[in-house]
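# quick check, what structure comes out for this input:
(2 chains)
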Amino acid sequence: MRAELRTRVLAAAAAEPSPTRATVRRRNMLIGMVAAASGLGAFVIFAMLMSDSHLLRLGGEVVPQQRLERPAWLVAATVGGALGVAVTAVWLALGRGRSMLGRSPRWLLYGGVLIPVSLLVWKVSCSLAFGDAMVAWPERPGERCLALSLLVAAGPLVSMMAIRRHAPVHPALNGAVIGFAAGACAWVAVDLWCPVAYVPHVLFGHVLPLFVLAGTGALFGRTLLSPRRR
Amino acid sequence: MERYARGDEAAFGELYDAIAPRLLGFLRRATRDAFVAEDLMQLTLLHMHRARGSFIPGAPVLPWAFAIARRLMTDHARRRRVEQRLFSEALPDDDRIAYEPAAPTAAADDVLHARRLEVRLQQRIDALPELQQTAYRLLQQEGLSLKSAAEALGTSVTAVKLRAHRAYVALRAALREAGEPS
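I've put the predicted structure just below:
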């Protein structure tokens, strides 16, 4: 081993300051707060523009002269379940277990399958107990829910990428799970806002954005999380 | 690494001494280019330096270092392929041994035979799919455990065993072709 090489590497490291663990912890907390604020801000602005500042909507007109109400317990159940899935998804996406290389691909694949499936199954099964919520709403195909999901999830997606920063193994898969986690966080807000549980609407407006975000996350992951010669 | 993550700047030198020789050996064997290997080793250590703040206490360092090195090596190979496609195709420098003059003594014959065999094995290793090649190198040349190699490759222990087994089979076949007992 050449001493000159050692000197060169140590000098290169000394010339480039890197944050210590305490700094990273503070930075991540700040990024987490910014992510929460951006998601909440996007949700409030969207609700102000689209539904007269109603963040929680307990019903609406299915068709003219036919109104549908969803009870508060149904909202509490669907939002509570979605919140549980979102917390688990964030833990899966940002936690790395006891290895610097993150979770095994098997865990990541389970996450990629289980996050959207569990959100959909929970929403539909809770709504089935209250049959009216499952009726078709022809005037609401789900494009506003799709837009809301993407708007709310954009901040958390970027923030989680900034927190994770580094995935030398399976960067695209890690990025995709981060996308699913950001989508799961947005699902909670969409669940508060949207009273529709009609399955085609849920698939288009609520589930599709999860996959759009996962795809975006995979692209980001491949380019941003993978160690590259810059 | 733990001390370095907490902010002890001097610990980077110790980290370098502990992992750089193994990393450099791995990169030299994989790239067969001393300058590229040194460059990639420097980059690997700089990546670890940048990520020190997110180091998990007690996490194994070597699989992490090898995983970064492997990713950088893949990135380097991809760039080189693109550059070669853009400019001219570099002439392969294989069969160098075939042009060497035959030695008159038996001992020199043995040396020549050993070198030919080494070249043939090296060619066979280079021809292996990248995943088999790296699994073989991490296990046989770097002496990593199956668990650490699996971690560095981001796969399961069973998959590493399978990849290494396929590499052994290919190398045994190369030895048989050369008339050596496998």
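# list the buried ones in the helix or strand harbouring residue A:119?
Secondary structure assigned from DSSP states H and E places residue A:119 in helix A:105-128. For helix A:105-128, the neighbour count (16 or more other C-beta atoms under 10 Å in any protein chain shown) marks A:105, A:108, A:111-112, A:114-116, A:118-120, A:122-124, A:126-127 as buried. Bear in mind the C-beta positions are built from the backbone N, C-alpha and C, glycine included.
# let me see the ranges of the helices in chain A.
A:3-15, A:21-51, A:72-94, A:105-128, A:143-164, A:171-193, A:199-201, A:208-220 (DSSP state H).
# what's the closest of those helices to residue B:109?
Among the helices of chain A, the nearest to residue B:109 by C-beta to C-beta is helix A:3-15 (37.7 Å).
# ok, and what's touching that closest one?
Residues outside helix A:3-15 that contact it (C-beta atoms under 8 Å, 6 or more residues apart in numbering or on different chains): B:9, B:12, B:13, B:16, B:17, B:20, B:38, B:41, B:42, B:45, B:46, B:49.
# gap between the worst-scoring helix or strand of chain B on mean pLDDT and the chain center?
Ranking every helix and strand in chain B by mean pLDDT, DSSP states H and E puts helix B:106-127 at the bottom, with a mean of 75. Averaging C-alpha positions (C-alpha atoms, centre = their mean, to the nearest Å) puts helix B:106-127 19 Å from its chain's average.
# so for that helix, what gets flagged as buried?
B:117, B:120, B:121, B:124, B:125.
# what would the residues you listed look like in CSV with distance to chain A?
Listed next are these as CSV, based on distance: C-beta to the nearest C-beta, whole Å:
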residue, distance to chain A
B:117, 28
B:120, 30
B:121, 26
B:124, 27
B:125, 22
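# could you work out the most separated pair of those?
Largest pairwise distance in the buried residues of helix B:106-127, by C-beta to C-beta, is 12.5 Å, between B:117 and B:125.
# still on that earlier bit, just name the most buried of the helices of chain A.
helix A:171-193 (a mean of 27; mean count of other C-beta atoms under 10 Å in any protein chain shown).
# now it: mean pLDDT?
Mean pLDDT, helix A:171-193: 93.
# dump the C-alpha coordinates for it into PDB.
C-alpha atoms of helix A:171-193 as PDB (Å, rounded to 0.1, in the frame of the first residue of the first chain):
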ATOM      1  CA  PRO A 171     -31.300   1.800  -5.000                       C
ATOM      2  CA  ALA A 172     -34.300   1.700  -7.400                       C
ATOM      3  CA  LEU A 173     -36.200  -0.800  -5.100                       C
ATOM      4  CA  ASN A 174     -35.400   1.400  -2.100                       C
ATOM      5  CA  GLY A 175     -36.600   4.400  -4.000                       C
ATOM      6  CA  ALA A 176     -39.800   2.700  -5.000                       C
ATOM      7  CA  VAL A 177     -40.600   1.800  -1.400                       C
ATOM      8  CA  ILE A 178     -40.000   5.400  -0.400                       C
ATOM      9  CA  GLY A 179     -42.500   6.400  -3.200                       C
ATOM     10  CA  PHE A 180     -45.100   3.900  -1.700                       C
ATOM     11  CA  ALA A 181     -44.400   5.300   1.800                       C
ATOM     12  CA  ALA A 182     -45.000   8.900   0.600                       C
ATOM     13  CA  GLY A 183     -48.100   7.800  -1.200                       C
ATOM     14  CA  ALA A 184     -49.400   6.100   2.000                       C
ATOM     15  CA  CYS A 185     -48.900   9.400   3.900                       C
ATOM     16  CA  ALA A 186     -50.900  11.200   1.200                       C
ATOM     17  CA  TRP A 187     -53.600   8.400   1.400                       C
ATOM     18  CA  VAL A 188     -54.400   9.600   5.000                       C
ATOM     19  CA  ALA A 189     -55.200  13.100   3.800                       C
ATOM     20  CA  VAL A 190     -57.100  11.900   0.800                       C
ATOM     21  CA  ASP A 191     -59.100   9.600   3.100                       C
ATOM     22  CA  LEU A 192     -60.200  12.600   5.200                       C
ATOM     23  CA  TRP A 193     -61.200  14.600   2.200                       C
END
